[in-house]
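Engineer: Give me a model of this one.
(chains A and B)
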Amino acid sequence: MMKRDACLKILARYRTDEIVVSVYTGAFEWKKIAPSPLNYIGVGAMGQASSHGLGLAIGRPDRRVFVLDGDGSLLMNLGTLITIGNQGPKNFYHFVIHNGVYEVNGSHPLPGEGKFNFAGLAREAGYKHSFEFSELQDFERRIGDIVKLEGPVFVCVNVEKGEDYAMNWDYIHGPEQRALFRAALAPTNPK
Amino acid sequence: MTNTPQLKGAAIIDALKASGIKIIVSVPDITTSQGLLWPIARDPFFRHVRVCKEDEGVSICAALSYCNQRALLMIQNTGFFDSINAIRGIAAEYHQPVCMLIGLQGAEPDIIPDQSPKLSINTVGPMLDLLTIERHWLRETAEAAAIVPAINKAYATSEPVAFVVGRSPA
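Structural biologist: Numbering: from 1, shown residues only, chains lettered A, B, ... in the order given. All right, here's what the predicted structure looks like:
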């Protein structure tokens, strides 16, 4: 099983000027691993990361959008897979960090954990490509090619908790990061 | 003989265009289906994003604002209730310009919605007030004049706004 932060560190190698939408624990880790004004925190209501990402992908077709979704989060908004499959954004890359639990709510297991398959759901919902990884070496070997594919692309990474990272809740809910992101995407800062 | 007020869908659509709305995100609503959503869906001026659930649309509209793209979320009052956490968090608490058009399923056109005996009708306005979201009735054509200034204000001040439709547009 991969450590979540090890997986994110590998993905960060392939991030250039992409918008990256992250949520909750993944957001704290991504902020530390790959700080950028183009990091967008998709919180405010759980489950919405991919919908934020879809809006950004529609609004800025010139930029690629990476969404770092949570597994419990995606289960709260499964219809998003259909919406995204239907819209078919070519610049959309949907990563689901699957640890099988609601980590920030006490690590209770997901309903049906082990009985369903995220990558299969995305594939059947109309994503152009869908992958699943459980081994870090496998992920490391293939992710560089995957992020060059035309979207929408779905990648489920089966992970366990890695190192501890500071969890600054005021940061992810506060206005500063939204203002930074808005400025980074302003028309005076085209790609 | 009394004149029954009318609400022209074309007046609303013209106002949306004049306010710079080019993207419509929707879950169908029976009150606005025939007079607004079908004409919009057929109008190549708009990009129409059909979503499965209303809270997706709240997030999509908020995200589009970062890209300088104006969007309108068209939903039914039932969907408003269902997506209240996203409206509370993403639109109201984060002060983001999410523009909503909410059809009142079951509205009695001749009763002010806040005075309706139906909970599904009379709670929409007060809930928007509690969320500190500016609201405008759309029950007759003249009220469509509020659309352009309200949407301009929403984007200028980065605040949500809601248009509540209490009569099926013709």
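
Engineer: Give the bridge partners for the closest residue to A:His129 other than its chain neighbours, please.
Structural biologist: Spatial nearest neighbour of A:His129, chain neighbours left out: A:Val153 (4.7 Å); criterion: CB to CB, 6 or more residues apart in numbering or on different chains. C-betas here are computed from N, CA, C, even on glycine. Beta-bridge partners of A:Val153, counted by DSSP bridges, are A:Tyr93, A:His129.

Engineer: any idea how far B:Leu37 is from A:Val153?
Structural biologist: The gap separating A:Val153 from B:Leu37 is 31 Å, by CB to CB, to the nearest Å.

Engineer: can you count the residues close to the residue nearest to A:His129?
Structural biologist: 24 (other CB atoms under 10 Å in any protein chain shown).

Engineer: And for A:Pro35?
Structural biologist: Around A:Pro35 there are 10 residues (other CB under 10 Å).

Engineer: Is it in a helix, a strand, or coil?
Structural biologist: coil (DSSP: H, G, I helix; E, B strand; the rest coil).

Engineer: Can you give the contact residues for stretch B:33-50?
Structural biologist: Contacts to stretch B:33-50, defined as CB atoms under 8 Å, 6 or more residues apart in numbering or on different chains, come from residues A:58, A:83, A:86-87, B:7, B:9-10, B:12-13, B:17, B:21-29, B:57, B:60, B:74, B:101, B:165, B:168-170.

Engineer: In strands, which of the residues you listed appear?
Structural biologist: Among these, the members falling in strands (DSSP state E) are B:Ile21, B:Lys22, B:Ile23, B:Ile24, B:Val25, B:Ser26, B:Met74, B:Leu101, B:Val165.

Engineer: Separate out the buried members of these.
Structural biologist: Using 16 or more other CB atoms under 10 Å in any protein chain shown as the burial test, the ones in strands among the contacts of stretch B:33-50 include B:Ile21, B:Ile23, B:Ile24, B:Val25, B:Ser26, B:Met74, B:Leu101, B:Val165 as buried.

Engineer: so what's the first one bridging to?
Structural biologist: The bridge-partner assignment for B:Ile21, based on DSSP bridges, gives B:Arg70.

Engineer: Contact partners for it?
Structural biologist: Per CB under 8 Å, 6+ apart, neighbours of B:Ile21: B:Phe46, B:Arg70, B:Ala71, B:Leu72, B:Cys99, B:Ile151.

Engineer: Close to chain B: what parts of chain A are there?
Structural biologist: A:40, A:42-45, A:47-48, A:51-56, A:58-60, A:77, A:79-80, A:82-83, A:86-87, A:175, A:178, A:181-182, A:185-187 (CB under 8 Å from any CB of the partner chain).

Engineer: In PyMOL, select just the buried ones from those.
Structural biologist: Selecting the buried subset of the residues of chain A next to chain B in PyMOL, with 16+ other CB under 10 Å as the burial test, is done by:
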select buried, chain A and resi 40+42+43+44+45+47+48+51+52+53+54+55+56+58+59+60+77+79+80+82+83+87+178+181+182+185
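
Engineer: quick one: which of the residues of chain A next to chain B sit in strands?
Structural biologist: Among the residues of chain A next to chain B, the ones falling in strands (DSSP E) are A:Tyr40.

Engineer: Which ones among the residues of chain A next to chain B lie within helices?
Structural biologist: A:51-56, A:58-59, A:79-80, A:82-83, A:86-87, A:175, A:178, A:181-182 (DSSP state H).

Engineer: Straight-line length of stretch A:27-41, end to end?
Structural biologist: Terminal residues of stretch A:27-41 lie 7 Å apart, using CA to CA, to the nearest Å.
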